[in-house]
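**Q** Build me a model from this:
(one chain, ligands or ions: 1)
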Amino acid sequence: MNTPSHTRATMLRRFNNVVYRYESVTSTNDIARELAEVGASEGTTVVADEQTRGRGRLGRSWVSTKNDGLYHSIILRPPIPPADAPVLTLMLAVGLAELMRGQYRLPVDIKWPNDILIGDCKLAGILVETEVMEDRLLYAIAGIGVNINQASFPPDMALHATSLKLETGRAIDVDEVRQKLYVTLDAWYDTFLTQGAAPIICRWSELSSYATGKPVQVIIGGRTITGTTRGLTPAGALIVEMSDGTHETIFSGDVQNLRER
Ligand code: BTN
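**A** Model prediction:
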């Protein structure tokens, strides 16, 4: 691990209390995991200017060029059973979507479970990695990436990625986005811990066009299904109705909007 500049902020919110800053890391999730393993407290955050091996869901990479985006990971230690951990992902997506809508006036959508989109283009993504021992969730690493100041993307990404700068027409301070995000995340995490999953599922469903009535194709492992979304289960899994009227519950998979493919 290279040497971070380490700050303790005076404001005692749950997030942004202890922040480890790096110029360059493989993945902020890697560093956060190392810190969690040696007992770092909830809310400890790792931020980097660039990632050399940024990763996304389903084994994909996350392009993390220097100073173009927000690359950060937060250690969470919620007292919940491992089965409830997927709701953390939805909670983070709700916080991000509300920030983008409220602060930046952007018409963002959430693609299940946690892609933040404008139209068909990805603005931000979330990768939650958990450590479980027997039936206990020891910690979760909430990795959040936001495309901020990219003026363009490589040809293979250009049709499917966007940035705050491309959407708003102005350069935006990366740290400003991070600080503002903590305010919404603080509030939603508190809601989750005090009221459980229901308000998160409810708000996610309001913010996402994928919640219900969306024709989708879903790749689950090596299998592909098509159907129409029919809401989330209380644990945040996606329900898809097939053409024969049967329902499938998706716990993990790659969802595509059938109309926009
Ligand atoms: C996805 O959309 O597939 C998830 C992307 C998550 C990217 C963030 S950037 C900070 C953290 N570190 C990583 O390596 N990944 C997450």
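**Q** In what element of secondary structure is the residue in the stretch 101-250 of the chain positioned nearest to the ligand found?
**A** When scored by C-beta to the nearest ligand atom, the stretch 101-250 of the chain has residue 125 as its residue closest to the ligand, at 2.1 Å. (Each C-beta comes from the backbone N, C-alpha and C, glycine too.) In this structure, residue 125 is located in strand 121-133 according to DSSP states H and E.
**Q** Neighbours of the residue of the stretch 101-250 of the chain closest to the ligand, how many?
**A** Neighbourhood size, residue 125 [other C-beta atoms under 10 Å]: 23.
**Q** okay but it is in contact with residue 61, surely?
**A** No: using C-beta atoms under 8 Å, residue 125 makes no contact with residue 61, being 11.1 Å away.
**Q** rewinding a little: show the contacting residues for the residue of the stretch 101-250 of the chain closest to the ligand.
**A** Counting by C-beta atoms under 8 Å, 6 or more residues apart in numbering, residue 125 makes contact with 56, 57, 62, 114, 115, 116, 144, 145.
**Q** can you tell me which of the residues you listed are in strands?
**A** 115, 116, 144, 145 (DSSP state E).
**Q** Can you say which of these are buried?
**A** 115, 116, 144, 145 (16 or more other C-beta atoms under 10 Å).
**Q** per-residue confidence at the residue in the stretch 151-261 of the chain positioned nearest to the ligand?
**A** Residue of the stretch 151-261 of the chain nearest the ligand, by C-beta to the nearest ligand atom: residue 254 (9.8 Å). On pLDDT, residue 254 comes in at 91.
**Q** Wait, it touches residue 219, no?
**A** Yes: the pair residue 254 and residue 219 qualifies as a contact (C-beta under 8 Å) at a distance of 4.4 Å.
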